[in-house]
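Colleague: one predicted model, sequence on top.
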Amino acid sequence: MMFKKLLLVLIIFQTFASGLCWGQEDLSEFKEIFFKTEKFYKERDNYSFNVTYEFYDPQSPKIAAETMNGRIEKKGSNYYTQIGPTEIIYLDEIFLKINHQEKAVLYSKVPNKKMTTPVDITALVDYFQTVKISEKENIIICEMVFKEKSNIPYTRMTMILDSKNYSIIRQELYMRQGVNYPSMAAGNKKTTEGKMAISFSQDIQMPKSDVFNKLKYLSKTSKISLSKELSSYDLYNQTQ
């Protein structure tokens, strides 16, 4: 469940509560800003950068209880995300989710909507109750609060952008009361309003060639089977 939540996190922005009313001008400004963020990533055919995920227990809000490293890469229409021990790969017509901790591989066809940017919040706009956008020094801060009655597992979020090119610098998300604490070490511990922070490296490089090599994951045979490197893993083929 932790990794499904992390994937949802990638379509969200950083968090901080605001008492302002959500108005049409706020919505228009936010959409305009996010359009420029999407454009920054979509116009680049190839990129690779590191991501850091930090989880904060509300009892110690200034010290991360757990940190996981990750990576996001894009090469043409192919897209790769690593979140700790989990890899998500959109490769040509196939979708792979590899959990190295559980030694399991999920195989399916690429969904209708393929990931092409680190975030996609278009489906979440209707769930915003309040919004505040501010700018200081070289950053833009978008602070949003979710409606209380919604299925979104977060109460509020904030996105911090580079004001020069609108790339994402950092996101923070505050969890609703009763959500399972995401740390593997914490087990099923409950949190009142734990925080997840996601930091995006601004050192954008070219992608690694082997990440998008299909033979790294699948064998050459006509039957769908795993590569020698993943031969000890369980394969869950959702196309059958």
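Modeller: Looks like it arrived, so ask away.
Colleague: what mean pLDDT does stretch 126-145 have?
Modeller: Here stretch 126-145 scores 89 as its mean pLDDT.
Colleague: contacts for the lengthiest helix in the chain next, please.
Modeller: Taking DSSP state H as the criterion, the chain has its longest helix at helix 24-42. If you take Cβ atoms under 8 Å, 6 or more residues apart in numbering as the criterion, helix 24-42 is touched by 20, 47, 74, 116-121, 125, 131-133, 140, 142, 144, 161, 165-168. Backbone N, C-alpha and C define where each C-beta goes, glycine included.
Colleague: and the contacts of the helix or strand following that helix?
Modeller: Downstream of helix 24-42, the first helix or strand assigned by DSSP states H and E is strand 46-56. Strand 46-56 is touched from outside by 6, 9, 41, 62-76, 83-84, 118, 181-183, 194-208, with contacts defined as Cβ under 8 Å, 6+ apart.
Colleague: now the buried members of those.
Modeller: When the contacts of strand 46-56 are checked for burial by 16 or more other Cβ atoms under 10 Å, the buried set is 6, 9, 41, 64-66, 68, 70-75, 83-84, 118, 181-183, 194-200, 204, 207.
Colleague: any idea which helix or strand carries Leu161?
Modeller: strand 154-162.
Colleague: now that strand, how far from the chain's geometric center?
Modeller: Relative to its chain's centre, strand 154-162 lies at 12 Å (Cα atoms, centre = their mean, to the nearest Å).
Colleague: cool, and stretch 139-147?
Modeller: Computed by Cα atoms, centre = their mean, the chain-centroid distance of stretch 139-147 equals 16 Å.
Colleague: quick one: buried residues of that stretch?
Modeller: Buried positions in stretch 139-147, judged by neighbour count with 16+ other Cβ under 10 Å: Ile140, Ile141, Cys142, Glu143, Met144, Val145, Phe146.
Colleague: the helix or strand harbouring the fifth one pairs with which strands, parallel or anti?
Modeller: Which is Met144. Per DSSP H and E: Met144 is located in strand 139-146. Each strand paired with strand 139-146, and its direction, by DSSP bridges: strand 128-136 (antiparallel), strand 154-162 (antiparallel).
Colleague: Provide a list of residues in contact with the residue nearest to Gly76 when sequence neighbours are not counted.
Modeller: What sits nearest to Gly76 in space, not counting adjacent residues and going by Cβ to Cβ, 6 or more residues apart in numbering, is Asp45, at 5.8 Å. By Cβ under 8 Å, 6+ apart, Asp45 lies in contact with Lys74, Lys75, Gly76.
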